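Engineer: Pasting a predicted model and its sequence here:
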Amino acid sequence: MNPFPPEIVDIHTHKWPSAHAIFNLPSYTSAPAASEGRLFSAGIHPWDTAAPLPEELWQRLKATIARPEVVAVGECGLDSRRGATLEIQEQIFLRQAAIASDAGKPIIVHCTGAWHRLLALARKLPGDCPRIIHGFRRNAALARQLLDAGYSLSFGEHFDPEALRVTPAEHRFAETDESSLSIEKIIDLQQLSLREFYNKSIKL
Ligand SMILES: [Zn+2]
């Protein structure tokens, strides 16, 4: 499966406009405004789960995800510090993964303080849905566990060099997220070659 267009290098950014990048739409945004050839991810951030999510919102999200310029679902996931209870966050996360699987698009995963739950959830995620944990800053031991559970990892400005090293190239992605640095600079900090990130296919 290679759902990302070949020119994509930065799989997750909040900076607009940004070339060679997947721009993350804020939660509840129904459709990209003037997209100007840009690519997007759309989803419900765990921080935005505190209030109940009406069915109408889910239908709108589904329609947004179906659009060709929306190439990934997210960021979605688990956060122990903000949003609904983790039980409810899990349901919301799994529902988004199911929508992603139906649409044939990967999920961009946010996780803070809920790694054991995310590991346990791996078995419940649709088997054909690539899952990329974004902004991974934790150590190599956790990286190995997540890779074994079928997650890929995306590294940004702040990362553990050993975790980066143990992640095989086919499961390794790069992102700017909220950083003020360019993606080229970030990949340079990671001592990797920009070329690695073009034409990246997503392995399950
Ligand atoms: Zn982000």
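Structural biologist: Here it is on my side, so go on. Given the structure is predicted, the values throughout are model-derived calculations rather than measurements. Numbers count the residues shown, from 1 in each chain.
Engineer: looking at this, residue 92 is in a strand?
Structural biologist: No - counting by DSSP: H, G, I helix; E, B strand; the rest coil, residue 92 is not part of a strand but helix.
Engineer: Quick one: neighbours of the nearest residue to it once chain neighbours are set aside, just the number.
Structural biologist: Distances taken as C-beta to C-beta, 6 or more residues apart in numbering place residue 49 nearest to residue 92, at 5.4 Å, with adjacent residues excluded. Quick note: C-beta positions are derived from backbone N, CA and C, even for glycine. Here the number of neighbours of residue 49 (other C-beta atoms under 10 Å) works out to 22.
Engineer: Would you check how far apart residue 49 and residue 85 are?
Structural biologist: Between residue 49 and residue 85 the distance is 9 Å, computed by C-beta to C-beta, to the nearest Å.
Engineer: which residues are common contacts for the two?
Structural biologist: Common contacts of residue 49 and residue 85 (C-beta atoms under 8 Å, 6 or more residues apart in numbering): none found.
Engineer: Now the spatially most central residue of the chain: which helix or strand?
Structural biologist: Among the residues of the chain, the one closest to the centroid is residue 108, at 1.5 Å (C-alpha atoms, centre = their mean). Using DSSP states H and E, residue 108 sits within strand 107-112.
Engineer: Could you list the low-confidence segments of this structure?
Structural biologist: 1-4, 30-34, 203-204 (pLDDT under 70).
Engineer: Please repeat the previous calculation with a cut-off of 90.
Structural biologist: 1-8, 15-20, 26-39, 68-69, 127-129, 194-204 (pLDDT under 90).
Engineer: surely residue 74 meets residue 96?
Structural biologist: Yes - between residue 74 and residue 96 there is a contact at 7.5 Å, judged by C-beta atoms under 8 Å.
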